[in-house]
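Colleague: quick one, what's the 3D model for this:
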Amino acid sequence: MQAYHLVKFGKTTTAFELKDFTLPPIKDDEVLVAVEAFGMNFADIMARKGLYDDCPPLPAILGYESVGRIKEKGAAVRNVNVGDRVIAFTRFGSYAQFVITSANGVAKIAEDYPTGKALALATQYCTAYYAACVNTNVMPGDKVLIQAAAGGVGTALTQLCKRVPCTIYGTAGSDEKLDYIRKNGVDHPINYRKDDFAKVIQEPLDVVFDSIGGLTYKKGFKLLRQGGKMVSFGAASQTEASNIFSTLKFAANFGIFSPIQFLQKSQSLIAINMLRIADFRPDLMGHCLTSVVKLAEEGIINPHVGGMYPHTELAAVHEMIENRKTIGKIGVNWS
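Modeller: This next block holds a predicted model:
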């Protein structure tokens, strides 16, 4: 069996090597999945650039989700059977032809459910579901801001908030993406390359979903009303930091916060790392995964696939995502 290993931080052209590897025997609560395709996330870009603390020591196999078929299951596994087609959330390891993961991180999907849409359900829709339906629980009539609304999590957040329904502000960086997020349900699309969202938005917000960090985070926080919630699940702007000084500036741009200011306005700061949820609350991760699969089966959510690419184009796909040239979910096929 083979997998793409991250062997060197930096450029896409030199970062990865396709090499043979072996997997250990599965544990009683694990499954072995033969991978049909794996998904791409912005965290992969952060890891490749050496900016992601959770990345395993090199050489490492990246990737958080796979679609495939159960080849073997542990003695304690009850939710899936050998032969089932599944979406699998993994703690790294998905850039491989076979992957082992906890049974809590897999859910059966229909044989005819599109691969790309299924890939979106694991990391991106689970993150959005946890952010909007578990940790925050957006309410009817809420006014929310979704940064990077054309991305995978942004797409999912928009659909989940719109079903409540909420009034949604969303940012994106091109006319094509603005048109996309408008069709997906964003009421007020904002081109962040042309306009300052903090000046465009003229009313207080109930929830801000932020995956950018830095100064964007600070501006978003200032838009919150009394009782508002700031939900942070990424720091994409960190990729622009090229040295220690720009990294320190990035950190400083978040601002300095005190519990007192949250208490005075009954505001909340919520930070989300789905790897930690998978590690320490696998039952909750399983709940999120089965919930989004059910919503997808019912047609309540509908992941958008920006493209499925052959594995030989992995480096090019990394570049596209890093340069924000993609919309929705991006996946990589083994065949």
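Colleague: so P24 sits in a helix?
Modeller: No - per DSSP: H, G, I helix; E, B strand; the rest coil, P24 lies outside any helix segment and is coil.
Colleague: let me know the secondary structure of the residue nearest to it when sequence neighbours are not counted.
Modeller: By the measure of C-beta to C-beta, 6 or more residues apart in numbering, the closest residue to P24 outside its immediate chain neighbours is I100, 7.3 Å from it. Where C-beta positions appear, they are placed from N, C-alpha and C, glycine not excepted. Secondary structure state of I100, per three-state DSSP, is strand.
Colleague: now I100: how far from A88?
Modeller: Per C-beta to C-beta, to the nearest Å, I100 is found 9 Å from A88.
Colleague: overlap in contacts, these two.
Modeller: Both I100 and A88 are contacted by 31, 33, under the criterion C-beta atoms under 8 Å, 6 or more residues apart in numbering.
Colleague: more crowded one of these two?
Modeller: For I100 versus A88, neighbours defined as other C-beta atoms under 10 Å are more numerous around A88 (29 against 19).
Colleague: how far out from the middle of the chain is the helix or strand in which that one is found?
Modeller: Secondary structure here is read from DSSP states H and E; on that basis A88 sits in strand 85-89. With C-alpha atoms, centre = their mean, to the nearest Å as the basis, the distance from the averaged C-alpha position of strand 85-89 to the chain average is 16 Å.
Colleague: and that strand, what does it pack against?
Modeller: If you count contacts as 3 or more C-beta pairs under 8 Å, 6 or more residues apart in numbering; DSSP states H and E, strand 85-89 packs onto strand 30-40, strand 65-73, strand 98-102, strand 106-108, helix 282-297.
Colleague: mind listing residues that contact the fourth one?
Modeller: Put plainly, it is strand 106-108. Outside strand 106-108, the residues within contact range by C-beta under 8 Å, 6+ apart are 31, 33, 70, 79-80, 84-89, 121, 286, 289-290, 293.
Colleague: how far does that strand sit from its chain's centre?
Modeller: Its chain's average C-alpha position is 18 Å from that of strand 106-108, according to C-alpha atoms, centre = their mean.
Colleague: now swap in the last one and tell me
Modeller: If you compare the mean C-alpha spot of helix 282-297 with that of the full chain, they lie 15 Å apart, counting by C-alpha atoms, centre = their mean.
Colleague: nearest residue to A132 in space, please, no chain neighbours.
Modeller: Nearest to A132 is L160, by C-beta to C-beta, 6+ apart, at 4.6 Å.
Colleague: and for G173?
Modeller: Here the residue nearest G173, using C-beta to C-beta, 6+ apart, is R193, at 4.9 Å.
Colleague: can you check K117 too?
Modeller: What sits nearest to K117 in space, not counting adjacent residues and going by C-beta to C-beta, 6+ apart, is P303, at 4.2 Å.
Colleague: okay, now that neighbour: neighbour count?
Modeller: In terms of burial, P303 registers 21 neighbours under the definition other C-beta under 10 Å.
Colleague: got a list of what it touches?
Modeller: Taking C-beta under 8 Å, 6+ apart, we find P303 in contact with 116-117, 120-121, 124-125, 152, 155-156, 296, 328-329.
Colleague: show me the shaky parts of the protein.
Modeller: Counting by pLDDT under 70, the ranges of the chain that qualify are 235-258.
Colleague: quick check: most distant residue from the centroid of it.
Modeller: What lies farthest from the middle of the chain is Q264; by C-alpha atoms, centre = their mean that is 32.0 Å.
Colleague: G83 versus A34, what's the distance?
Modeller: If you go by C-beta to C-beta, the gap between A34 and G83 works out to 10 Å.
Colleague: who touches both of those two?
Modeller: Taking C-beta under 8 Å, 6+ apart as the contact rule, the neighbours common to A34 and G83 are R69.
Colleague: just want to know which of those two has more residues nearby.
Modeller: For A34 and G83, the more surrounded residue by other C-beta under 10 Å is A34, and the numbers stand at 15 against 8.
Colleague: these two touch, right, that one and V67?
Modeller: No - between A34 and V67 there is no contact, the gap being 10.3 Å when judged by C-beta atoms under 8 Å.
Colleague: work out which residue lies at the spatial centre of the protein.
Modeller: With the centre of the chain defined as its mean C-alpha position, the nearest residue by C-alpha atoms, centre = their mean is Q124, 3.5 Å away.
Colleague: wait, what's in contact with the nearest residue to that one once chain neighbours are set aside?
Modeller: If you skip the residues right next to it in sequence, Q124 has G152 as its closest partner in space, 3.6 Å away by C-beta to C-beta, 6+ apart. The neighbours of G152, taking C-beta under 8 Å, 6+ apart as the test, are 41, 120, 123-124, 303, 328-330.
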